[in-house]
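Q: After the sequence you'll find the predicted model.
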Amino acid sequence: MNIFFIIIVFLFMAGWYFMDSPSQNVQEHGIEYAMEKSEINSVLTCIAHIQGEAVRLDEALQIAERVDIDNDTLCAQKYDIATVKLCMDGNRISANCIPDRPGRSIENFIITISHAHHDFDMGKVLELLEAEHPDMSSFGILIEENKTFKILSGGGRTKILPAAIVKELDAADGQILYVTQYSVAGRAIFRTEQREDMVRCSPNEIRIFRFGKWQCAAQNEPNICIGDNVWDATRGRCVEDMSRRPLCAARQTAVMVDYHWICMDPLQQIQCPPGQFAHMDYSTLEWTCTTNPGDTKDTSKCDTARLMAFGRVGTTLRLSAAASCSDCEELVIDPETCAAKCVPDARKITNRACYAGECSGASRAFYFGFPDASYITSARPHIPEIANIEIPMTPAHSRNRKFNCLDCGTDGIDRDKSKPPFVAVCN
């Protein structure tokens, strides 16, 4: 009786653990959590990018009045992000952003704000602000506390925003915004000279050319480089981060689009005569016209009649192989034996039936799913890229005879052992 009771208790506990254990739901929770964080990061990155462009535009044009700064980027439209320049003379909004007499100071505000309604977890927003924008005290969530408006940024830091600015923006609690603030004052505050080499600024100041003269002003917040860019102190600007440049397919090139690396097919630059096709010479990066090798057949041994045969007795060519080639392969014929076989064709990687999606980034690369060792042996003579490279046959590599994307995460791609789009190996 005791043994029967113990068995019943064991089954009950096992069932309870299987149904209610948190580990049963961790994957779903993780996917939802990652998707929300990705969306939040997209909004924050877009706001930071638009704010940076607006500040550079303000410096270049020396905007002297209140103005809505247009931005027609896709992310601005998607997230309803707008930028406006406002100015305050004391406690009131001023139409003029330049003081009209010496000794007077006017505060200039460049504000980028997302008007879209986001059902974001504010904790995740602050977490990403702390991780991705740790030094930006004026980049965060608008909150009202004791009739005072503040910007709550990563790490719990706050920055007060004048109530007149909030009213002018028609902003509300929970909206994400980025504010750049600086003072424009008379000669009593700024030291100015007509010649650049005559201006000497303090260590905590920078020299800027505004309103037709060189001036010394308080150093602004650190420069932010978004996407796959990194700050170059020597050039004084954001440049492409070459460590994030992806390994692309053999006929593709890594280019920067919207501050991110992507792999793109080359644009055709020439028109070829009938019977020829445009070919990209990757050694010279120029287009040339060549004859399609597939149009030339060795009719002395593999004539049309024999090519139409499907394995009948007495025929040399077994074209049953042609019917079994995948959407990522091409049929090649041995001109001596007329034997047919399928080999990977990198030109078909853009075919959605072969591979649908992207595979860009420093930690990702294409590879072909070689089915077995004999297939690799027969394919090597036709593909120079894999002639002398080891091709892994591990559980992490598919054998589906199609192109696949290998994501190595933080380990990154081993560039010495990889030959995309045929071979990809993690470090």
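A: Yep, it's here. In this text the structure is predicted, and so the values were computed from the model without any measurement.
Q: Show me what counts as buried in the longest helix along the chain.
A: When the chain is parsed with DSSP state H, its longest helix is helix 26-61. Applying a neighbour-count criterion of 16 or more other Cβ atoms under 10 Å, one finds 37, 40, 43-52, 54-55, 57-58 buried in helix 26-61. C-beta coordinates here come from the backbone N, C-alpha and C atoms, glycine included.
Q: After that helix, which helix or strand is next?
A: strand 67-69 (DSSP states H and E).
Q: Which elements pack onto that next one?
A: Using 3 or more Cβ pairs under 8 Å, 6 or more residues apart in numbering; DSSP states H and E, the elements in contact with strand 67-69 are helix 26-61, strand 81-89.
Q: Can you tell me what sits against stretch 176-183?
A: 43-44, 47-48, 51, 54-55, 105-114, 118, 125, 136, 138-142, 151, 159, 161, 169, 171, 189, 217-218, 220-221 (Cβ atoms under 8 Å, 6 or more residues apart in numbering).
Q: And for stretch 419-427, what's in contact with it?
A: Taking Cβ under 8 Å, 6+ apart as the rule, stretch 419-427 contacts 247-250, 344, 346, 349, 365-368, 383, 385-386, 389, 391-392, 396, 403, 406, 408, 411-414, 417-418.
Q: mind running it again at 6 Å?
A: With contacts defined as Cβ atoms under 6 Å, 6 or more residues apart in numbering, stretch 419-427 is touched by 247, 249, 346, 349, 365-368, 385-386, 389, 391-392, 403, 406, 408, 411-412, 414, 417-418.
Q: Next, the buried residues of that stretch.
A: Buried-residue list, stretch 419-427, by 16+ other Cβ under 10 Å: 419, 420, 421, 422, 423, 424, 425, 426.
Q: and the residues you listed as a markdown table, adding distance to residue 100?
A: Converted to a markdown table, those look like this (distance: Cβ to Cβ, whole Å):
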| residue | distance to residue 100 |
| --- | --- |
| 419 | 67 |
| 420 | 62 |
| 421 | 64 |
| 422 | 69 |
| 423 | 69 |
| 424 | 65 |
| 425 | 67 |
| 426 | 64 |
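Q: Tell me the spacing between residue 353 and residue 252.
A: 18 Å (Cβ to Cβ, to the nearest Å).
Q: and the two? which has more neighbours close in?
A: The neighbour count for residue 353 versus residue 252, taken as other Cβ atoms under 10 Å, is higher for residue 252 (24 against 10).
Q: Check the gap between the more buried one and residue 289 for me.
A: Distance from residue 252 to residue 289, by Cβ to Cβ: 21 Å.
Q: and if you look at residue 170?
A: Taken as Cβ to Cβ, the span from residue 170 to residue 289 is 60 Å.
Q: residues near the nearest residue to residue 185 once chain neighbours are set aside, how many?
A: Among residues not flanking residue 185 along the chain, residue 105 sits closest, at 4.0 Å (Cβ to Cβ, 6 or more residues apart in numbering). When neighbours are counted by other Cβ under 10 Å, residue 105 registers 14.
Q: and if you look at the one 5 residues further on?
A: Each residue near residue 110 was counted by other Cβ under 10 Å, and the total is 20.
Q: ditto for residue 89
A: When neighbours are counted by other Cβ under 10 Å, residue 89 comes out with 16.
Q: isn't it right next to residue 107, touching?
A: No: using Cβ atoms under 6 Å, residue 89 is not in contact with residue 107; the gap is 8.0 Å.
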